[in-house]
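Asker: Predicted model and sequence follow; I will ask about them next.
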Amino acid sequence: MTKEQRPNQFYDLVDPKTDIKYPANPKRVWAFIPESMEREIKMGRVVFPETPTSRPMYKRYLNNLRSDINPISTWIREASDQRKMSEDNTFGRTISLSSGLNSEGTRLIQTIFEEEALPYPKPLSLIKHLIAQVAKDDDIVLDSFAGSGTTAQAVLELNQEDGGNRKFILIEMEEYADRLTAERIRRLIRGIPNAQGEKSLKRVDGSFSFFRLGRPLDIAGILSGEAMPSYHDLARYLFYTATGEYFDPANVQEDKCFVGESSQYAVYLLYKPDLEYLKRAAFTRDVAEALTAIVDKTRLIFAPSKFLDNDYLEEHKIKFVQLPFEVFRYQM
């Protein structure tokens, strides 16, 4: 965190024995507020260097870093060794009060994007260890605050290393979701030429889909007739609700009533946000014959009404779903 984000953690740290002052880094403040830091110093957990140009270190004892699932000190030790952090004695191990493990994530992002694209990204090694501890080979890993996409990289690399089939769902609401979060994984899947030989940046096998949250539909308003959705909005809602698969608006052909194609269905919608049209619109033989039939797929038809019997529908591999009457009852 920067001094702007955590002003109460931006202050000079003073060694009570030598009175040497250690200024905080404006881009990476201390881990504790002054009151908490004073308590940690009194408990002997802060190790001060001899010169103010070096950084104080925070001592953690191994017996405080253990997990009932798997000794969490294992990955702390590995991360510490990788960063050549100093050891105070045989009972404790020290880590930086200001940088911690995130320095690994920062270096990784700089290598992928050739710039510091996002401050304080999660360290890859940490996330890989955590996932390896708790997730089975075919689990789905959810990261509701995806940031730079470290979780996705960790899942893909673990799968490549042990042959697992883990999947990931990342959620990111910031504007960089496509240009940073998703782009990081695109680059790793394609391969990064300037990072050849880097173990943490080797090309990974895998794929993913990137979705943007569409405009929400007012379902209560639709059913009451008080809010008539556009053709594309209703098509999106019906397609995903019926198939559970990705809706691509580019596939919609409104003049042909075609919504899209799923693994099982070719989906069609007879609809206009127009009351008079909805009063008379019906799925008839003429309409059915005009709709393109896709080989080996059932045609799923959404319409206000139908004038066809079930034998005809079954013979021609058609499933009919009536639109709620309330949709076109508005002010009738």
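Answerer: Happy to help now that I have it. Residues are numbered from 1 along each chain as shown.
Asker: which residues sit in contact with the nearest residue to residue 317 once chain neighbours are set aside?
Answerer: Closest residue to residue 317 apart from its sequence neighbours, by Cβ to Cβ, 6 or more residues apart in numbering: residue 298 at 4.8 Å. (Each C-beta comes from the backbone N, C-alpha and C, glycine too.) By Cβ atoms under 8 Å, 6 or more residues apart in numbering, the contact set of residue 298 is 264-266, 317-319.
Asker: got it, and residue 146?
Answerer: 152, 170-172, 177, 181.
Asker: Repeat the analysis, applying 10 Å as the threshold.
Answerer: 122, 152, 168-174, 177, 180-182, 184 (Cβ atoms under 10 Å, 6 or more residues apart in numbering).
Asker: Over to residue 242?
Answerer: So residue 242 contacts 259, 262, 264-265, 267, 300, 302, 319, 321 (Cβ under 10 Å, 6+ apart).
Asker: hang on, the earlier thing: so what pLDDT did the residue nearest to residue 317 get?
Answerer: With respect to pLDDT, residue 298 scores 94.
Asker: Is it correct that residue 268 falls within a strand?
Answerer: Yes: assessed with DSSP: H, G, I helix; E, B strand; the rest coil, residue 268 lies in a strand.
Asker: thinking again about what came up before, distance-wise, check the residue nearest to residue 317 relative to residue 172.
Answerer: 36 Å (Cβ to Cβ, to the nearest Å).
Asker: Closest one of the contacts of residue 298 to residue 188?
Answerer: Closest approach to residue 188 among these (Cβ to Cβ): residue 264, at 32.2 Å.
Asker: Would you agree the closest one is in contact with residue 297?
Answerer: Yes: applying Cβ atoms under 10 Å as the test, residue 264 and residue 297 come out as touching, 6.7 Å apart.
Asker: Just the ones in strands from the contacts of residue 146, please.
Answerer: Mapping these onto strands (DSSP state E) picks out 168-170.
Asker: Make JSON lines out of those and add neighbour count.
Answerer: Compiled in JSON lines, the ones in strands among the contacts of residue 146 are given as follows (neighbours: other Cβ atoms under 10 Å):
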{"residue": "168", "neighbour count": "22"}
{"residue": "169", "neighbour count": "13"}
{"residue": "170", "neighbour count": "22"}
